[in-house]
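Engineer: Take this sequence and fold it.
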Amino acid sequence: MTTHQRSSDARALPGTMRAAVRQRYGTPDEVLRVASVPLPQISGGEVLVQVHAAGLDRGVWHVLTGLPYLVRMAGYGVRAPKNPVVGRDLAGVIAQVGGDVTGLNVGDEVYGTGDGTFAEYARARADQVSLKPGTLSFEQAAAVPVSAQTALQAVREHGRVQPGQEVLVVGASGGVGSYAVQIAKAHGAHVTGVAGPAKLDLVRALGADAVLDHTTDALPARRYDVILDVGGSTPVSRLRRALTRRGTLVMVGGESSGRVLGGVQRQLGAILLSPFVRQRLITFVCKENADDLAVLRDLVDGGQVTPAVDRVLPLDRAVDALLLLIDGSVRGKVVLTP
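Structural biologist: This is a model prediction of the structure:
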């Protein structure tokens, strides 16, 4: 594989950049700081993106803290993080193209996922970025990739949502949930969104046909064809009671205080139970790819999906942004601008 790189003017690229970095695992206020670091070097199948905006998701928190410990075993570094720069979502302009890349050029406006995107520049696999939706700003586009791809795969591949079905989205006001509501609607479903009382108006604005307040409303028994449980902790037995006899439960992540598995045991239990019941009980890991980004671009430019951006903060406030994300007050997504 060649590692020859193309750029419009290699001399215009700086040798260093500002980035949000850490050298050890911990909470943002303990370990994260903005510093000058060397510019990333790309390989033949990668592109270097000048980052105009970077989105946040709960995965960033887990990679930052190294919790649950299962995250460290997934390749991020057991004792210490392999990459000091954090962040996955990005939107920006291609500054350099690896010699094996086709279909992308220097100057293209793109969005997708990269390696260490809380920075002025980030490297990304060419098959994990795509041309940015023309109707979105960089800040809006940066709120799409990880969360919307996860929602798309939950609705389309795993939930197999069909027109006319009843779909329940638990966690409908968060990053993934806000997209799941819209994408399920785009598939012709009747969607009910579950959220806290302060966020029900957002869920309605996203297009939900009905809303439930998770602090007061009980889930109706045996009603929904598909339940998308986003980062929740509701017992599987309770969710199953809200499904039709042959309904589908898709569990998208999960949060708990467990330091080893962090809630994964709930999904594992559902997978083990699934072969013995008529309902489909599914969990999955999002596969980030350019094809899905192209599908999302069409949905966005067609007016069927709109990013719910809570606020945009400068890179220097990365710590504040992450603390906001984890305290549960965010409505949709938070975005950083390097």
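
Engineer: Quick check: end-to-end length of stretch 239-247?
Structural biologist: 11 Å (Cα to Cα, to the nearest Å).

Engineer: Can you pull the phi/psi pair for the nearest residue to residue 108 once chain neighbours are set aside?
Structural biologist: Closest residue to residue 108 apart from its sequence neighbours, by Cβ to Cβ, 6 or more residues apart in numbering: residue 94 at 4.7 Å. (Each C-beta comes from the backbone N, C-alpha and C, glycine too.) Dihedral angles of residue 94 (phi, psi; degrees, to the nearest 10) stand at phi -70, psi 130.

Engineer: same thing with residue 39?
Structural biologist: According to degrees, to the nearest 10, residue 39 has phi -70, psi 140.

Engineer: Residue 205 now?
Structural biologist: phi -60, psi -30.

Engineer: need the contact list for it.
Structural biologist: Listed by Cβ atoms under 8 Å, 6 or more residues apart in numbering, the contact set of residue 205 is empty.

Engineer: all helices of the chain, in order?
Structural biologist: 28-31, 58-65, 69-71, 138-141, 145-153, 175-186, 200-205, 236-241, 264-273, 290-301, 318-326 (DSSP state H).

Engineer: winner for burial among these?
Structural biologist: helix 175-186 (a mean of 28; mean count of other Cβ atoms under 10 Å).

Engineer: Show me the domain layout of this structure.
Structural biologist: The domain map for the chain lists 5-144+307-337, 147-283, with the assignment taken from automatic domain parsing.

Engineer: export those to a markdown table and tack on distance to residue 295 and mean pLDDT?
Structural biologist: A markdown table is the format used below for those (distance: least, Cβ to Cβ, whole Å; pLDDT from 0 to 100):
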| stretch | distance to residue 295 | mean pLDDT |
| --- | --- | --- |
| domain 5-144+307-337 | 9 | 91 |
| domain 147-283 | 7 | 89 |
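
Engineer: possible to save those domains as TSV with distance to residue 301?
Structural biologist: Below are the domains of the chain laid out as TSV (distance: least, Cβ to Cβ, whole Å):
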stretch	distance to residue 301
domain 5-144+307-337	5
domain 147-283	13
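
Engineer: I'd like to know which of these lies nearest to residue 299.
Structural biologist: Nearest to residue 299, of all the domains of the chain, is domain 147-283, at 6.0 Å by Cβ to Cβ.

Engineer: can you give me the end-to-end distance of the closest one?
Structural biologist: End-to-end distance (Cα to Cα), domain 147-283: 15 Å.

Engineer: List phi and psi for the residue lying closest to residue 242 once chain neighbours are set aside.
Structural biologist: Spatial nearest neighbour of residue 242, chain neighbours left out: residue 219 (4.1 Å); criterion: Cβ to Cβ, 6+ apart. Recorded main-chain torsions at residue 219 are phi -70, psi 130, according to degrees, to the nearest 10.

Engineer: Pull the number of nearby residues for residue 219.
Structural biologist: Residue 219 has 20 neighbours, counted by other Cβ atoms under 10 Å.

Engineer: same thing with residue 103?
Structural biologist: Residue 103 has 11 nearby residues by other Cβ under 10 Å.

Engineer: What of residue 225?
Structural biologist: By other Cβ under 10 Å, neighbour count at residue 225 equals 20.

Engineer: how near is it to residue 14?
Structural biologist: Shown here: residue 225 relative to residue 14, a distance of 53 Å by Cβ to Cβ, to the nearest Å.

Engineer: do residue 27 as well
Structural biologist: 30 Å.

Engineer: So which of those two has more stuff around it?
Structural biologist: Set side by side, residue 27 and residue 14 show more neighbours around residue 27, with 15 against 11, by other Cβ under 10 Å.

Engineer: so the more buried one touches residue 66, yeah?
Structural biologist: No. Residue 27 sits out of contact with residue 66 when judged by Cβ atoms under 8 Å, with a separation of 10.5 Å.

Engineer: No further queries at this time; thank you.
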